[in-house]
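Participant: A predicted structure for the sequence below; I have some questions about it.
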Amino acid sequence: MADVLALANVLYEKKNGVAYVTLNRPKVLNALNTPTWRDLKAAFEDAKADVAVHGAILTGSGDKAFIAGADI
């Protein structure tokens with residue numbers, strides 16, 4: 001069974017000892033802004049605190065960019 005944390009700009013799921021963190025702002029090529037940084041921090045803090053998580057994978061949604069940079 002997967003464990004899910006609801007965030008606004010990041011998809012986060014834990015499954016089989018792995019935390020999957022996906023930037024989910026494909027319309028702006030996953031550009032980082034303050035709310036996205038907060039979501040990333042929350043996801044990785046949750047993964048770090050979970051003794052069942054042995055690794056994490058960071059990806060970006062969409063097919064054009066992983067992270068385009070900062071959304072200023």
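Facilitator: Ah, there it is.
Participant: for the residue nearest the centre of the chain, helix, strand, or coil?
Facilitator: The chain has V21 as the residue nearest its centroid, 3.0 Å off, counting by CA atoms, centre = their mean. Secondary structure state of V21, per DSSP: H, G, I helix; E, B strand; the rest coil, is strand.
Participant: Model confidence score at it, please.
Facilitator: Confidence at V21, expressed as pLDDT, is 97.
Participant: Ok, V53 next?
Facilitator: pLDDT, V53: 98.
Participant: Could you pull out the helices in the protein for me?
Facilitator: Taking DSSP state H to define them, one finds helices in the chain at 34-49.
Participant: Identify the bridge partners of the residue lying closest to A47 once chain neighbours are set aside.
Facilitator: Once flanking residues are discounted, A47 sits nearest to A19: 3.7 Å by CB to CB, 6 or more residues apart in numbering. The way it works is simple: take the backbone N, C-alpha and C, and place the C-beta from them, glycine included. Here A19 sits in beta bridges with K14, A56, going by DSSP bridges.
Participant: any idea how far L40 is from the residue nearest to the centre of the chain?
Facilitator: 7 Å (CB to CB, to the nearest Å).
Participant: what is in contact with those two at once?
Facilitator: Common neighbours of V21 and L40, using CB atoms under 8 Å, 6 or more residues apart in numbering, are V10.
Participant: Just give me the neighbour total for H54.
Facilitator: 11 (other CB atoms under 10 Å).
Participant: which phi and psi does the closest residue to it other than its chain neighbours have?
Facilitator: Nearest residue to H54, sequence neighbours excluded (CB to CB, 6+ apart): G17, at 4.5 Å. Note on G17: its backbone torsions stand at phi 80, psi 10 [degrees, to the nearest 10].
Participant: Thanks a lot, catch you later.
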